[in-house]
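Asks: Test case, fold it:
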Amino acid sequence: MSAPHHLAAQAGLSVLREGGNAIEAMLAAASTIAVVYPHMNSIGGDGFWIVHVPGREPVAIDACGASGRNVDQALYANAGLGAIPQRGPMAANTVAGTISGWGEACKLSHELGGHLPLGRLLEDAAHYAEGGIAVTDSQRRLTEEKRGQMAAGSGFEDLFLIDGAPREVGSRMTNPALAETLRAIAEHGTDTFYRGELAKKIAADLERAGSPVTADDLRDHQAKRVTPLTVRTRAGQLYNMPPPTQGLASLMILALFDRLGVETGESFEHIHGLIESTKQAFIVRDSEVTDPQYMSTRPEHFLTANDLDARVDAIDLQRALPWPHVAQPGDTIWMGAADRDGVTVSFIQSIFFEFGSGLVLRDTGINWQNRGASFSLDENATNALKPGRKPFHTLNPALAHLADGRVMSYGTMGGEGQPQTQSAIFSRYAMFGGGLQAAVSAPRWLLGKTWGDETTTLKLESNFDPAVAKGLEAAGHDVEMVEEFSDVMGHAGAVVVHPDGLLEGATDPRSDGSVASV
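Replies: Residues are numbered from 1 along each chain as shown. Model prediction:
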């Protein structure tokens, strides 16, 4: 079990020790991370799953919420807004889908013989919400950095501030309303979030706060199982989420890089090749990827040999393609789990920005996402706002069947950086034979903006090989050095199941996480 907070990892581990499967372990971890990492996550966001079951093709769960039925350009024009706000009630314009994903995951678990009741799986989360968590340094720091963006009366100040100031590191933070919400879900099932008594409370909370999401919007929502996108490389078969996520870009980066024939890891050719592959993938992503109902070209087309071969021809192995492009911010958690039967989960859950919309619902304790802030009010934009439309998602949990029989679950948070970090981890481990923890810990790079950074440079951690850094600069990359183990690079992790049953795990020294094993 790999998670970016040690309490989430321990929650998942305790389920595995009781004989639960990897899906059940992930449900325990997913609910716990939503409580103990409140600046990064909440049950008021969206979620995506990829699940490997030995002998079967992987299955994906799309738990992305759509914009409300009354959410359109006129709503914002009538409010005197020329763009969707990034914070506040008008940013909370999509349904939170993650709980529906938990419900679909429970069904899949039961099909595989899972037996632990939902109440057991949410037990740790409810305990920490009621009894309290210790505020981490990252929570305190980000509260200080972001509180000026939050709307007055949004509930943010009631949960995250004490006497108008951020909570101190190590102080106790409780959320009894969230504990009650989690126990309602445990007792009545995940459907109560959308169509039960809990849904009525949530809808009343949202209306009181000024969000345009209604009880009808909650009632309309369903998670669904979908077929993952997939592409083959020499290292193995790779899987990721279809649109509206950027999973297509993650797969394209590695498929393009594989075609470059780079032989040496950590070399200029390795890093430059991945960066240039990223640019080609992002060009496709930014012009094509949105709610699949609105895409004119099927995403699988961009993973065909003919299309990839044509795009790799545009990569110069010595020179950088001029950049930047419009970056996608985001804030997320990734977690991975595997059990003794080889069932392996890659999971990601998000509220978009840190603290999401900043809207904390009074009676249910839920911090609602601002994923719909990514919509454009330009009706000709790729991600144009329309009622009932799913927003573009940076989220993309990754999974791979390696050529030698290993199964690898890997991923990260970090918005724009997610596909880039995935390419770093996968190439280091699966293509060049590095250690799993070393692949996660090694110096990373980021092309473009994330975490509110306004620069579009190629950021390198300061412990990068100086010769490689100089080579990238000489090739025309606009290099900017940042501190080593920087939060800018996201919080990654990985879990690998070997053919003989050996389990490997890695977590990011940039996070508050851990790997936990039975």
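Asks: Tell me the pLDDT of Ala516.
Replies: The predicted structure scores Ala516 at 78 on the pLDDT scale.
Asks: give me every residue that touches it.
Replies: By CB atoms under 8 Å, 6 or more residues apart in numbering, the contact list for Ala516 reads Met1, Ala3, His6, Ala9, Gln10, Gly12, Leu13, Gly505. Every C-beta, even on glycine, is put in place using the N, C-alpha and C of the backbone.
Asks: Next up, the contacts around the first one.
Replies: Translated: Met1. Per CB under 8 Å, 6+ apart, neighbours of Met1: 9, 12-13, 16, 25, 29, 335-337, 495, 505, 515-517.
Asks: Give me the subset of those residues that lies in strands.
Replies: Judged by DSSP state E, these include Met335, Gly336, Ala337, Val495, Gly505, Val515 as members of strands.
Asks: before we move on, back to that, now which of the contacts of Met1 would you call buried?
Replies: Among the contacts of Met1, those buried by neighbour count (16 or more other CB atoms under 10 Å) are 9, 12-13, 16, 25, 29, 335-337, 495, 505, 515-516.
Asks: Out of these, the closest to Glu276 would be?
Replies: Among the buried ones among the contacts of Met1, Gly336 lies closest to Glu276 (CB to CB), at 28.2 Å.
Asks: residues making contact with stretch 279-295?
Replies: Residues contacting stretch 279-295 (CB under 8 Å, 6+ apart): 66, 242-246, 248-250, 252-253, 256, 297, 299, 302, 311-312, 314-315, 321, 323, 325-326, 382-384, 386, 389-392, 419, 447.
Asks: I'd say Leu458 and Gly476 touch.
Replies: No - Leu458 lies out of contact with Gly476 (CB atoms under 8 Å); the separation is 9.9 Å.
Asks: Between these two, point out the one with more neighbours.
Replies: The neighbour comparison of Leu458 against Gly476 (other CB atoms under 10 Å) goes to Leu458, with 23 against 16.
Asks: What's opposite the more buried one in the beta bridge?
Replies: Counting by DSSP bridges, Leu458 is bridged to Leu447, Val479.
Asks: For it, list the residues it contacts.
Replies: Ile275, Trp445, Leu446, Leu447, Leu472, His477, Asp478, Val479, Glu480.
Asks: shaky segments in the protein?
Replies: Regions of the chain meeting the criterion pLDDT under 70 cover residues 324-332, 449-455, 518.
Asks: Domains of it: list them as residue ranges, please.
Replies: Residue ranges for the domains of the chain, per automatic domain parsing: 2-225+359-374, 227-329+399-515.
Asks: could you point out which element follows the helix or strand containing Ser346?
Replies: Using DSSP states H and E, Ser346 sits within strand 344-352. Of the helices and strands lying after strand 344-352 in sequence (DSSP H and E), the nearest is strand 359-360.
Asks: how far is that following strand from where the chain is centred?
Replies: Centroid displacement of strand 359-360 relative to its chain, using CA atoms, centre = their mean, to the nearest Å, is 20 Å.
Asks: before we move on, what about stretch 29-38?
Replies: On CA atoms, centre = their mean, the centre of stretch 29-38 falls 14 Å from that of its chain.
Asks: In PDB, could you pull the C-alpha coordinates for that stretch?
Replies: C-alpha atoms of stretch 29-38 as PDB (Å, rounded to 0.1, in the frame of the first residue of the first chain):
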ATOM      1  CA  ALA A  29      -7.200   4.500   2.400                       C
ATOM      2  CA  ALA A  30      -9.400   6.700   0.100                       C
ATOM      3  CA  SER A  31     -11.800   7.600   2.900                       C
ATOM      4  CA  THR A  32      -8.900   8.200   5.300                       C
ATOM      5  CA  ILE A  33      -6.900  10.400   3.000                       C
ATOM      6  CA  ALA A  34     -10.000  12.600   2.500                       C
ATOM      7  CA  VAL A  35      -9.900  13.300   6.300                       C
ATOM      8  CA  VAL A  36      -6.200  13.400   7.200                       C
ATOM      9  CA  TYR A  37      -5.000  15.400   4.200                       C
ATOM     10  CA  PRO A  38      -7.800  18.000   4.100                       C
END
